[in-house]
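Q: What follows is a predicted structure for the sequence shown.
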Amino acid sequence: MQDIRWNAFWLGLTLIIICLITWASSSATNALLVFSVVITAYLIGHLYWLHQLNLWLKKPVLNHIPDGSGAWEDVFGALYQEYRRHSRNQTQLSSALGRFRHAASALPDGVVVLNAANEIEWCNPPAEVKLGLDLKKDENQPINYLVRHGDFVSYLQEQDYSEPIKLKSWRNLDVTLEIQLIPYGSKQKLLICRDVTQLEKIETMRRDFIANVSHELRTPLTVVGGFVETLLDMEGAVPESTRSYFNMMQEQTMRMRLLIDDLLTLSHIESNVQAPENIEIDMPSMLNMIINDAKALSQGKHQIIANIDPHLNLLGAAGELQSAMSNLISNAIRYTPTGGEIKVNWELSNNQAVFSVSDNGIGIEQKHIDRLTERFYRVDRSRSRETGGTGLGLSIVKHILTRHQAKLEINSELGVGSTFSEVFPKARIIQKQVALF
Ligand code: ADP
């Protein structure tokens, strides 16, 4: 740019000097004539190179950039450099894209790149096989026109892709697919699809095994428990010296029965792939019943305060939700020392229905909180046992909530107390009409 300015300056200066000399040695008319001729030639030169630039821009080929002359030499030189840099970048980008596609094609999982309108931009061969796509034909087609499975279509529309979905392949019902959408860039999505048939089989075997073992153990345990109870009730059947052992046997068989019942409940909920029934539940009356049971369990050792919205109902499976809610209250009673306070709330908050149980009991250290819903995870094993816990309660709660698209939130501080909240989505809420008179 500096050169161009200097060139123009020197050219202008030279022209003025020539014109002045011509004026001095000849006449003003001749000086004007010289000026006009030089300026016209100068303009024609510029117009020519402008035309060349225009021609090149219509068909920009690196090797055919005009050389230019004068100031235009610099312009075309800079253009050549810039264009070379751009082509180099583009080559690098397309080779990186090529490498990415090559690597993605080698993945055993199906990968589909979707644009903002959910149209297929690219997919790898495993995605073609698993989802029945054909990239050559289906490029730029909306994915929901090609993958028409109802669950997939609602997952795509839901916009919440934090969890993958599992569905039976529509091409082969023996195959189970796990599909996850990952948003990236400007509203684009990456669809990952994997065959989880084998994992599902192992999971089903594990669930069936637990359910069968629990079921098989139930009968002998009922028999043993029954006999122990009968012997304890029979006058003189148990000598006083061994009565304490029989009491322990009765206690332990009772614990095992609770454990088996919880295991059966958990495996029943886990293996139930059907959506829970969607019946309107009269929440205030169900919660009053749960609170009465809780008062009986506490035996007056705790102050139980309830704050229940009388107009707030839920759609769901009554039995399951009753279990999920009474579980939290019974935990609060079991982990709050005598004299403690337990608050039960049922209210609408931010368009969600929230059931929460707060206590000022023993509380939980932060590091345990994420693991509480794992099966058999207990902060303090002996305390859980002493209070008749099985270590499966919160696991059952979490499964029931997941089936109802709800979530469990836990806030707790060691030595201060805990709040366990069950948060239900708007779609499950039914608000009873308030009578005006
Ligand atoms: P458990 O039958 O052992 O109570 P849960 O699954 O119901 O099993 O709970 C898991 C663990 O979470 C318990 O063992 C206990 O350590 C902790 N926990 C649950 N609720 C509370 C509470 N309200 N206060 C303190 N700890 C709790």
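A: Arrived safely.

Q: Show me where the protein has its helices.
A: For the chain, applying DSSP state H gives helices covering 2-25, 28-58, 71-106, 125-131, 135-138, 143-146, 150-158, 197-233, 240-271, 283-298, 318-334, 366-369, 381-386, 393-403.

Q: Rebuild the ones you listed as JSON lines, extending it with mean neighbour count.
A: Every residue, glycine included, has its C-beta placed from N, CA and C. JSON lines is the format used below for those (neighbours: other C-beta atoms under 10 Å):
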{"stretch": "helix 2-25", "mean neighbour count": "12"}
{"stretch": "helix 28-58", "mean neighbour count": "13"}
{"stretch": "helix 71-106", "mean neighbour count": "13"}
{"stretch": "helix 125-131", "mean neighbour count": "19"}
{"stretch": "helix 135-138", "mean neighbour count": "12"}
{"stretch": "helix 143-146", "mean neighbour count": "16"}
{"stretch": "helix 150-158", "mean neighbour count": "14"}
{"stretch": "helix 197-233", "mean neighbour count": "13"}
{"stretch": "helix 240-271", "mean neighbour count": "15"}
{"stretch": "helix 283-298", "mean neighbour count": "17"}
{"stretch": "helix 318-334", "mean neighbour count": "21"}
{"stretch": "helix 366-369", "mean neighbour count": "12"}
{"stretch": "helix 381-386", "mean neighbour count": "12"}
{"stretch": "helix 393-403", "mean neighbour count": "21"}
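
Q: now these in JSON lines, with distance to the ligand?
A: Below are the helices of the chain laid out as JSON lines (distance: least, C-beta to the nearest ligand atom, whole Å):
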{"stretch": "helix 2-25", "distance to the ligand": "75"}
{"stretch": "helix 28-58", "distance to the ligand": "71"}
{"stretch": "helix 71-106", "distance to the ligand": "42"}
{"stretch": "helix 125-131", "distance to the ligand": "37"}
{"stretch": "helix 135-138", "distance to the ligand": "47"}
{"stretch": "helix 143-146", "distance to the ligand": "40"}
{"stretch": "helix 150-158", "distance to the ligand": "29"}
{"stretch": "helix 197-233", "distance to the ligand": "16"}
{"stretch": "helix 240-271", "distance to the ligand": "8"}
{"stretch": "helix 283-298", "distance to the ligand": "12"}
{"stretch": "helix 318-334", "distance to the ligand": "4"}
{"stretch": "helix 366-369", "distance to the ligand": "7"}
{"stretch": "helix 381-386", "distance to the ligand": "3"}
{"stretch": "helix 393-403", "distance to the ligand": "3"}
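
Q: could you dump those to JSON lines with mean pLDDT?
A: Conversion of the helices of the chain to JSON lines gives the following (pLDDT from 0 to 100):
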{"stretch": "helix 2-25", "mean pLDDT": "82"}
{"stretch": "helix 28-58", "mean pLDDT": "88"}
{"stretch": "helix 71-106", "mean pLDDT": "87"}
{"stretch": "helix 125-131", "mean pLDDT": "92"}
{"stretch": "helix 135-138", "mean pLDDT": "92"}
{"stretch": "helix 143-146", "mean pLDDT": "91"}
{"stretch": "helix 150-158", "mean pLDDT": "89"}
{"stretch": "helix 197-233", "mean pLDDT": "91"}
{"stretch": "helix 240-271", "mean pLDDT": "90"}
{"stretch": "helix 283-298", "mean pLDDT": "95"}
{"stretch": "helix 318-334", "mean pLDDT": "96"}
{"stretch": "helix 366-369", "mean pLDDT": "95"}
{"stretch": "helix 381-386", "mean pLDDT": "80"}
{"stretch": "helix 393-403", "mean pLDDT": "95"}
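
Q: Which of those sits closest to Ala306?
A: When the helices of the chain are compared by C-beta to C-beta, helix 283-298 sits nearest Ala306, at 5.2 Å.

Q: tell me what that closest one is packed against?
A: Contacts defined by 3 or more C-beta pairs under 8 Å, 6 or more residues apart in numbering; DSSP states H and E place helix 283-298 against strand 303-308, strand 312-316, helix 318-334, strand 341-349.

Q: Just the angle for the last one relative to strand 303-308, thanks.
A: Angle, strand 341-349 to strand 303-308, by axes from the mean of the first three to the mean of the last three C-alpha atoms, to 10 degrees: 10 degrees.

Q: start at 136 instead
A: That works, and once the first residue is 136, the last one we named lands at strand 476-484.

Q: buried sites along strand 476-484?
A: Neighbour-count burial for strand 476-484, counted by 16 or more other C-beta atoms under 10 Å, picks out Ile477, Lys478, Val479, Asn480, Trp481.

Q: next one: that strand to chain centre, how far?
A: 28 Å (C-alpha atoms, centre = their mean, to the nearest Å).

Q: now it against helix 418-433, angle please.
A: 170 degrees.
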